[in-house]
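**Q** this one's sequence-less:
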């Protein structure tokens, strides 16, 4: 009887509970605080990246479009695959490189003449604007190219006469299929090549 009571009593003896030391409590508190700071930092970083990405997209769309060159019509100035930066503006001069929309495509050409200018191109490909021969160091081989126009030719109002630097292969304002481009077609002026890195620099 006594043995049974003793066994029953033993069953109700609670197990010993270990009390954590002050160092362990401090370490656990530090771990929890670190996790909280980490989550806050991660959340802040993600928000910042989203804002920066959105701002970059907005900036590129509204002010500084980034384009990849396709084709050889602007060689040697621009080569196929080059990544270039444009700036949106409505101020264009002879010699400026511009990007413009044509039949849902974005083309890159050089401004030769603006509204009212008289363009003349001889059989050897020498270009004159308003009676003055253009100095074109960006052209390596002059050519009349694919032209069906009669020269001298006057550029209509609110339009620009554009040509590619590769005069042999470029299809541009010399051909009536493209003709002179309207101001509304122009996306912007090419200002910088950003890739490839070994050719990075201002475009002239």
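**A** Nice, I can see it. All values reported here derive from a predicted model rather than from experimental measurement.

**Q** what's the following helix or strand after the strand or helix carrying residue 28?
**A** Using DSSP states H and E, the element containing residue 28 is helix 22-62. Heading C-terminal from helix 22-62, the first helix or strand you meet, by DSSP H and E, is strand 66-68.

**Q** in this protein, which spans are strands?
**A** For the chain, the strands defined by DSSP state E occupy 66-68, 83-87, 97-102, 105-113, 118-121, 127-129, 132-133, 153-154, 159-163, 181-182, 186-195, 201-202.

**Q** related to what we said a few turns ago, average model confidence for the helix holding residue 28?
**A** Looking at helix 22-62 alone, the average pLDDT works out to 63.

**Q** and if you look at stretch 117-130?
**A** The model assigns stretch 117-130 a mean pLDDT of 95.

**Q** center of the protein - which residue?
**A** Taking CA atoms, centre = their mean as the criterion, residue 66 is the residue nearest the geometric centre of the chain, at 1.9 Å.

**Q** count residues in the vicinity of residue 154, would you?
**A** 14 (other CB atoms under 10 Å). For glycine as for every other residue, the C-beta is placed from the backbone atoms N, C-alpha and C.

**Q** what residues does it make contact with?
**A** 116, 117, 118, 119 (CB atoms under 8 Å, 6 or more residues apart in numbering).

**Q** that one pairs with what?
**A** residue 118 (DSSP bridges).

**Q** what of residue 113?
**A** Under the criterion used (DSSP bridges), residue 113 bridges to residue 161.

**Q** against residue 25, how distant is it?
**A** Using CB to CB, to the nearest Å, we find residue 113 at a distance of 82 Å from residue 25.

**Q** about what we covered before: now the contacts of residue 154 in JSON lines, with distance to residue 190 and neighbour count?
**A** What follows is these, written out as JSON lines (distance: CB to CB, whole Å; neighbours: other CB atoms under 10 Å):
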{"residue": "116", "distance to residue 190": "24", "neighbour count": "12"}
{"residue": "117", "distance to residue 190": "21", "neighbour count": "18"}
{"residue": "118", "distance to residue 190": "25", "neighbour count": "15"}
{"residue": "119", "distance to residue 190": "21", "neighbour count": "22"}
